[in-house]
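Enquirer: the following comprises the amino acid sequence and a computationally predicted model.
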Amino acid sequence: MRNLLILITLALVVPYSNASESQWNGLTVEPENRCSPYDKSEQYPYPQSVEDVIVEDMGGVVYGPYTGRYFDNDRETDIEHIVAASEGHDSGLCNASASERIQFATDPLNLTLAAPEINRCSSTGKCGLDPAEWMPEKNKCWFASRVIAVKKKYDLSVDEAEAKALETVLSSCNSNDMIFYPADNSDGGESSESMDALSKYDINKNGRITCSETRAHGIAPVYSNHPAYEHMNDRDGDGVVCE
C-alpha cells in the first residue's frame, strides 16, 4: 500500500513539475519548429505605408532605437520586425491562418526602424535572428520587453536559450521604455535665442532642425521669423519650410 501511495504521488507531482518548467514569463518554452514551408514575401506581406505609422508612434522622429541613430527621412531606414517573420513562423505562426500572419507582419507593436546594415543579413545584422543570437547595441530593455509582448499576443513560443537571454536583459532593467539618446554636438557660440531653438527643437542634437522634428513639436509650417527657421533648409527660398 505504501508503494502504491508513492506511485500515485509521483504521478500527480511530475506532470505539474514538467508543466512549470515549460513556461517562462507566460510563454511556452520549446524548440523552434518549422511545421510548414516559409516564404516571407508571400506569407508575411506589409505595405510601405507602415513606415509612416512607425514614425508617428515615435513622435514624428525618424529614429533607429537599436543604435540610437537619427535619420533625415525614412528613405534611409528599413522597416524592421522586432520579432522577425522567420522567427515568428518557427515559433508558432507556421500553424496560423493567412490573416493572422498578415496581422503579425503589419502590427505596430512588432515594428520599428533600423539602418539597412542593422536590419539585413550580415556579420552584424539582425536578419531573422532571435534574442539569444542577436541583441541591439542600445534599448535592450525596450527590445526584450517588446519581444515578449509580441510573442504573448500571437501565442508564440521561446526556446531555452532565448528565454535565458531575455531574462538576463530584463533582470537589470529599471524601465522598458524606448530611450531617445541625444547625439553629441557642440553649439559653437551661437546666440541665446538660436541656442534655445536648437535645445528645444533639435531632437537628435546634430545642429539643425528637420521637418520631422518641427512636426513632432507641432510648429510646422515654420516661417522666417521663427527662431527655428535659421537652422532649417528653405530650398525654394520663400521664407516658409515644412508647408
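Expert: That came through fine. Numbering: from 1, shown residues only.
Enquirer: CA atoms for contacts and neighbours, from now on please.
Expert: Noted.
Enquirer: please enumerate the helices of the chain.
Expert: 2-21, 40-43, 50-57, 85-90, 98-106, 116-119, 140-153, 160-170, 192-201, 211-217 (DSSP state H).
Enquirer: what's the angle from the fifth one to helix 140-153?
Expert: It stands for helix 98-106. 170 degrees (axes from the mean of the first three to the mean of the last three Cα atoms, to 10 degrees).
Enquirer: which helices and strands does helix 98-106 pack with?
Expert: In terms of contacts (3 or more Cα pairs under 8 Å, 6 or more residues apart in numbering; DSSP states H and E), helix 98-106 is packed against helix 40-43.
Enquirer: list the buried residues in the helix it packs on.
Expert: Q43 (16 or more other Cα atoms under 10 Å).
Enquirer: average pLDDT for it?
Expert: Per-residue pLDDT values over helix 40-43 give a mean of 98.
Enquirer: with just CA atoms, put it into PDB.
Expert: Extracted as PDB, the C-alpha positions of helix 40-43 are listed here (Å, rounded to 0.1, in the frame of the first residue of the first chain):
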ATOM      1  CA  LYS A  40       8.300  35.900 -46.200                       C
ATOM      2  CA  SER A  41       7.000  37.800 -49.200                       C
ATOM      3  CA  GLU A  42       4.100  35.500 -49.800                       C
ATOM      4  CA  GLN A  43       3.100  34.800 -46.200                       C
END
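Enquirer: and that helix, how far out from the chain middle?
Expert: Offset of helix 40-43 from its chain centre (Cα atoms, centre = their mean, to the nearest Å): 20 Å.
Enquirer: rewinding a little: and of the helices of the chain, who's closest to N33?
Expert: Closest approach to N33 among the helices of the chain (Cα to Cα): helix 85-90, 4.9 Å.
Enquirer: figure out how far that closest one is from the centre of its chain.
Expert: The chain centroid and the centroid of helix 85-90 are separated by 16 Å, computed with Cα atoms, centre = their mean.
Enquirer: return it as CSV; C-alpha atoms alone will do.
Expert: Extracted in CSV, the C-alpha atoms of helix 85-90 (Å, rounded to 0.1, in the frame of the first residue of the first chain):
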residue,chain,number,x,y,z
ALA,A,85,8.9,36.9,-39.6
SER,A,86,11.0,33.7,-39.8
GLU,A,87,11.4,33.6,-36.0
GLY,A,88,7.6,34.1,-35.6
HIS,A,89,6.9,31.4,-38.2
ASP,A,90,9.2,28.9,-36.4
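Enquirer: which residues sit against it?
Expert: 32-35, 38, 40, 44, 94, 105, 128-130, 151, 156 (Cα atoms under 8 Å, 6 or more residues apart in numbering).
Enquirer: F71: which of the helices of the chain is closest?
Expert: helix 211-217 (9.6 Å).
Enquirer: other SSEs contacting that closest one?
Expert: Helix 211-217 packs on helix 192-201, going by 3+ Cα pairs under 8 Å, 6+ apart.
Enquirer: so where's this structure uncertain?
Expert: For the chain, applying pLDDT under 70 flags the ranges 1-21, 183-195.
Enquirer: so who does the residue lying closest to S22 once chain neighbours are set aside touch?
Expert: Of all residues not flanking S22 in the chain, V29 sits nearest, at 4.9 Å (Cα to Cα, 6 or more residues apart in numbering). Applying Cα under 8 Å, 6+ apart, we find V29 in contact with 22-23, 157-160, 163.
Enquirer: do the same with K152
Expert: Applying Cα under 8 Å, 6+ apart, the residues near K152 are 26-27.
Enquirer: against T210, how distant is it?
Expert: Going from K152 to T210 by Cα to Cα, to the nearest Å gives 37 Å.
Enquirer: and if you look at R120?
Expert: For R120 relative to T210 (Cα to Cα), the value is 27 Å.
Enquirer: between these two, which has more neighbouring residues?
Expert: When neighbours are counted by other Cα atoms under 10 Å, R120 and T210 differ, and T210 comes out ahead with 23 against 16.
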